[in-house]
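# Test case, fold it:
(one chain, ligands or ions: 2)
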Amino acid sequence: MSTTSTALDALNPLKKKESAGDGAGSHILVPGKLDISHKVILYLDSITVSFDGFKALNNLSMEIDAGELRCIIGPNGAGKTTMMDVITGKTRPDEGRCFFGQTIDLTRMTEPEIAHAGIGRKFQKPTIFEAHTVFDNLELALKTDKSAWHSLFATVNDEVRDRVSDTLRTIRLDTEAGRPAGLLSHGQKQWLEIGMLLIQEPKLLLLDEPVAGMTDDETARTGELFKSLAGKHSLVVVEHDMAFIEQLGGKVTVLHEGSVLAEGDLATVQNDERVIEVYLGR
Ligand SMILES: Nc1ncnc2c1ncn2[C@@H]1O[C@H](COP(=O)(O)OP(=O)(O)OP(=O)(O)O)[C@@H](O)[C@H]1O
Ligand SMILES: [Mg+2]
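Ligands and ions are numbered 1, 2, ... in the order given. Predicted coordinates for the structure are as follows:
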């Protein structure tokens with residue numbers, strides 16, 4: 001067997017990683033670089049997910065542009081959470097592909113590989129460490145990001161502190177840094193969890209019902225936060241709160257029975273007969 005590198009080596013992810021020599025010591029395969037030269041950061045191509053014959057997603061196709069703030073709405077059971085499960089690798093589609101940029105096929109990657117590639121997901125229930133301070137929660141989140149940890153923490157402690165401080169300001173918890181996270185309000189806990197994602201500098205953020213249970217004031221502040229994140233990050237927000245969707249002001253995609261029913265600005269989809277029918281029942 002020849003030991004010289006061949007064209008086949010290029011297809012072998014282990015070989016590729018070896019030659020990339022990233023030195024990060026990570027066990028996670030590093031996919032190719034994110035290619036957003038065509039402006040699209042996420043492309044769902046004819047995704048179908050069946051549960052015992054029931055199609056939770058049915059030939060779903062969608063494109064999200066880099067830097068976009070996209071809202072996804074739709075009645076209960078429309079497939080919104082299942083869509084996020086597919087993007088993050090929690091659920092494998094029966095059919096279809098899901099691309100991150102032009103080249104990274106998420107349907108071939110594990111959940112940790114997808115997170116490492118730059119996709120962060122916020123679940124409804126915060127998974128913060130209540131007994132630890134707000135500051136420590138953010139520092140711990142940075143630790144779980146292996147590449148950042150190797151390049152930052154081992155050498156430059158000030159850089160870690162700066163990154164935590166920047167994140168604290170972004171999520172407006174700088175005055176709470178020393179408090180145990182368990183003492184925060186519900187809304188503040190949600191922001192901390194968002195901060196724990198942001199500190200890992202994801203390219204794409206997926207947020208499933210982020211303002212559920214928040215006060216009106218917390219909801220409005222969350223809207224401001226998301227709008228300030230768009231551009232640098234791409235955001236996909238699933239929500240039922242229409243006032244919040246209106247505040248965000250981005251393009252809205254309506255899901256129904258696992259497919260896209262309508263897409264456009266909020267006023268357009270709200271006036272769409274099919275959307276009205278689906279929401280009001282027939
Ligand atoms: N693991 C599973 N096994 C079987 N059925 C499932 C599973 N996950 C989801 N489903 C079904 O798939 C459909 C879509 O569910 P999904 O949770 O994606 O909807 P959703 O749009 O997020 O709804 P909601 O607005 O209520 O959160 C539902 O009918 C649900 O019961
Ligand atoms: Mg859901």
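
# hey, let's count contacts and neighbours off CA atoms from now on
Fine.

# residue ranges with poor pLDDT in the stretch 51-200 of the chain?
For the stretch 51-200 of the chain, the stretches with pLDDT under 70 are 144-156.

# which bits of it sit near ligand 1?
Counting by Cα under 6 Å from any ligand atom, the residues of the stretch 51-200 of the chain lying close to ligand 1 are 51, 56, 75, 76, 77, 78, 79, 80, 81, 82.

# Tell me how many other residues crowd whichever residue of the stretch 101-250 of the chain sits closest to ligand 1.
As assessed by Cα to the nearest ligand atom, ligand 1 sits closest to residue 240 within the stretch 101-250 of the chain, at 7.3 Å. Neighbour count for residue 240, taken as other Cα atoms under 10 Å: 19.

# Distance of residue 210 relative to residue 76?
Relative to residue 76, residue 210 is positioned 16 Å away (Cα to Cα, to the nearest Å).

# Equivalent analysis for residue 238, please.
The gap separating residue 238 from residue 76 is 11 Å, by Cα to Cα.

# What is the burial count for residue 212?
For residue 212, the count of nearby residues is 16 (other Cα under 10 Å).

# separation between it and residue 238?
As judged by Cα to Cα, residue 212 and residue 238 stand 11 Å apart.

# Please apply the same query to residue 169.
Between residue 169 and residue 238 the computed distance is 25 Å (Cα to Cα).

# With residue 181 instead?
25 Å.

# Likewise for residue 246?
Residue 246 is 13 Å from residue 238, by Cα to Cα.

# Those two: which is more packed in?
Using other Cα under 10 Å, the more surrounded residue of residue 246 and residue 238 is residue 238, with 23 against 16.

# Specify the beta-bridge partners of that one.
Beta bridges link residue 238 to residue 72, residue 208, judged by DSSP bridges.

# Touching, it and residue 211? I think so.
No - using Cα atoms under 8 Å, residue 238 is not in contact with residue 211; the gap is 9.8 Å.

# follow-up on the earlier one: mind checking which of residue 210 and residue 76 has more residues around it?
Remark: of residue 210 and residue 76, residue 210 carries more neighbours, 25 against 13, as counted by other Cα under 10 Å.

# excluding its backbone neighbours, what's nearest that one?
In space, and not counting its chain neighbours, residue 210 is closest to residue 124: 6.3 Å by Cα to Cα, 6 or more residues apart in numbering.

# With residue 260 instead?
Excluding the flanking residues, the one nearest residue 260 by Cα to Cα, 6+ apart is residue 254, at 5.8 Å.

# Direction included, what does the helix or strand where the one you found lies pair up with?
Per DSSP states H and E, residue 254 falls inside strand 252-256. According to DSSP bridges, strand 252-256 forms sheet pairs with strand 69-73 (parallel), strand 259-264 (antiparallel).

# List the buried residues in the last one.
Residues of strand 259-264 classed as buried by neighbour count (16 or more other Cα atoms under 10 Å): 259, 260, 261, 262, 263.

# before we move on, back to that, is the residue of the stretch 101-250 of the chain closest to ligand 1 in a helix, a strand, or coil?
Of the three states, residue 240 takes coil under DSSP: H, G, I helix; E, B strand; the rest coil.

# ok, it - contacts?
By Cα atoms under 8 Å, 6 or more residues apart in numbering, the contact list for residue 240 reads 73, 74, 209.

# Test my guess that the last one contacts residue 242.
This means residue 209. No - using Cα under 8 Å as the test, residue 209 is too far from residue 242 to be in contact (11.5 Å).

# Looking at these two, which is more packed in?
Neighbour totals were compared for residue 209 and residue 242, and residue 209 leads with 19 against 11 (other Cα under 10 Å).
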